[in-house]
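Q: Structure, please.
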Amino acid sequence: MDTSPAATPADLAGPTGLTAVTQRFVLHWGEMGSRWGVNRTVAQIHALLFISGRPMHADEIVGALGVARSNVSNSLRELQNWNLVRVVHLLGDRRDHFETSGDVWDLFRTVVSERKAREFEPTIGALRDFLQSPDIAGEPAVSRQRIAETLALMQTLSAWGDEMLRLPPETLVKIMKLGARIQNLVRGGAAKR
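A: A predicted model of the protein is given here:
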């Protein structure tokens, strides 16, 4: 029987000073970010700030992630532009510190709102412009129809998304669970036919 004391998080810290789980979380978040079209370092910094649960200054982030200071500075600016990170000041320290929300629902809302504003709304605007252009009359009927259908779908999804973002997390969870039950019911009903 092993009678040695349990390892503490500090004992498990690697060369960057991060625990093994924190390292894996940050690395995974970076991988997922790159798959979603987000710079890997940007995603890793966000993950580090999220999982650490405390404000960190840029040099501390550099040391924890082992990336260049310029990369950290640029990534922090990008995170601020996405409203995912904010500057905070700590008493007795003149450096800027950075923090992110610790509430996953706040982060979810921010990401969805920002992506909607940057990607979805411009596409809706472009589709409207296409349909309002005098040149649309010269397009084949199938093209006009598909543009109109795409616009209708995107406007519906946009309105639905806006409504979902207004709901409190508890209600969103209930809707998701209800949706899963409905899917199971529909799938079960389809399997019996």
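Q: Would you indicate which residues of the helix ranked longest in the chain are buried?
A: Longest helix in the chain by number of residues, with DSSP state H as the criterion: helix 141-166. For helix 141-166, burial by neighbour count (16 or more other CB atoms under 10 Å) applies to Ile147, Leu151, Met154. Using the backbone N, CA and C atoms, a C-beta is placed for each residue, glycine as well.
Q: helices or strands up against it?
A: Counting contacts by 3 or more CB pairs under 8 Å, 6 or more residues apart in numbering; DSSP states H and E, helix 141-166 packs against helix 104-115, helix 121-132.
Q: element containing Met184, please.
A: Just to correct that, residue 184 is Asn rather than Met. In this structure, Asn184 is located in helix 169-192 according to DSSP states H and E.
Q: State the mean pLDDT of stretch 161-173.
A: Stretch 161-173 shows a mean pLDDT of 90.
Q: Ends of that stretch, what's the gap?
A: Using CA to CA, to the nearest Å, the end-to-end distance of stretch 161-173 comes to 15 Å.
Q: what about that stretch, distance to the chain center?
A: 16 Å (CA atoms, centre = their mean, to the nearest Å).
Q: Ok, stretch 146-162 next?
A: The answer for stretch 146-162 is 22 Å, by CA atoms, centre = their mean.
Q: longest strand anywhere in this protein?
A: Longest strand in the chain by number of residues (criterion: DSSP state E): strand 93-99.
Q: Show me which residues of it are buried.
A: His97, Phe98, Glu99.
Q: for these, which one is nearest Pro140?
A: Taking CB to CB as the measure, Pro140 lies nearest Phe98 of those, at 51.8 Å.
Q: Mind listing the residues bridging to that closest one?
A: Met56, Val87 (DSSP bridges).
Q: Need the pLDDT of it.
A: So, for Phe98, pLDDT stands at 97.
Q: Contact partners for it?
A: Listed by CB atoms under 8 Å, 6 or more residues apart in numbering, the contact partners of Phe98 are Leu49, Pro55, Met56, His57, Ala58, Ile61, Leu76, Leu79, Val85, Arg86, Val87, Val88.
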